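Colleague: Here you go, sequence then predicted model.
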Amino acid sequence: QAGCPLACSFCETGANGFRRNLTRGEILGQFLMMEKLNGEDINNIVFMGMGEPLLNEDAVFSAIRSLNDKNMRNLGARHITISTSGIAPGIEDLADFEIPIRLSLSLHATNDALRSKLMPVNKKYSLQKVVAALKRYRERTGERITIEYALIDRVNDAREYAYEMAALLDGLEPYINLIPFNAIPSKPELKRSEASRVKEFCGALSELKIEFELRKERGGDISAACGQLACGK
């Protein structure tokens, strides 16, 4: 999408509003242009960064069919991932999609009260609905789900939230991708978690035997890291 309609409180993209959905051709054009600029084949693609892929489902699914088609780009299903903020009906459609691509969920909070505050989409698709859709996807595809979780200082980084996460996702056996929060101009009060709090959170996940990784940050030097992308004026 150009812009984003979801207005998550920690994301500059949503703060700039929504313009329109991209077409199938525009999505494929971005991929092909990146290959041309890079001078080599791209072997993995994740639909994330700006906008919600499952709110532009027809164009995104059509683009994936082209990328996967053996007579076109022939990109394997296991090399394609959709990252969603939790559009439950779209996750269910993905479970039934003929190409078994991978799924990543932007979680960022482990209870409805906090998640609705951070991510207004949760008011429409509660954690109960989202987790139910994730379980259906897992059952239908057998694919492991990645959980994205941006650590925001004294907002969602307390040790107790790691325990809530374990209870919420029990049975899914997810892979947790912890993301250092990237500062955004529209919310200067939000800060990256202190190293000691990150260590405590990671320690709790280890204690719970939940597999996780602390993401290596990229793109912050050009304001293009997670949550920082915004449409030009």
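Modeller: Great, that's in hand.
Colleague: all contacts plus neighbour counts: C-alpha atoms, from now on.
Modeller: Fine.
Colleague: neighbouring contacts of stretch 37-44?
Modeller: Residues from elsewhere that reach stretch 37-44 (CA atoms under 8 Å, 6 or more residues apart in numbering): 35, 75, 79-80.
Colleague: Quick one: those residues as CSV, columns for distance to Ser206 too.
Modeller: Output for those, formatted as CSV (distance: CA to CA, whole Å):
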residue, distance to Ser206
Glu35, 38
Leu75, 34
His79, 28
Ile80, 28
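Colleague: just the buried members of those residues?
Modeller: Using 16 or more other CA atoms under 10 Å as the burial test, those include 75, 80 as buried.
Colleague: quick one: which of the contacts of stretch 37-44 is nearest Gly3?
Modeller: Ile80 (22.0 Å; CA to CA).
Colleague: just checking, the closest one touches Ile101?
Modeller: Yes: between Ile80 and Ile101 there is a contact under CA atoms under 8 Å: 5.5 Å.
Colleague: hang on, the earlier thing: mind putting the contacts of stretch 37-44 into TSV with distance to Leu178, pLDDT and secondary structure?
Modeller: TSV is the format used below for the contacts of stretch 37-44 (distance: CA to CA, whole Å; pLDDT from 0 to 100; DSSP: H, G, I helix; E, B strand; the rest coil):
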residue	distance to Leu178	pLDDT	secondary structure
Glu35	28	94	helix
Leu75	27	96	coil
His79	21	97	helix
Ile80	20	98	strand
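Colleague: closest to Lys187 among the contacts of stretch 37-44?
Modeller: Within the contacts of stretch 37-44, the smallest distance to Lys187 is 32.0 Å, found for Ile80 (CA to CA).
Colleague: for the closest one, which residues make a bridge with it?
Modeller: Beta bridges link Ile80 to Ile45 when assigned by DSSP bridges.
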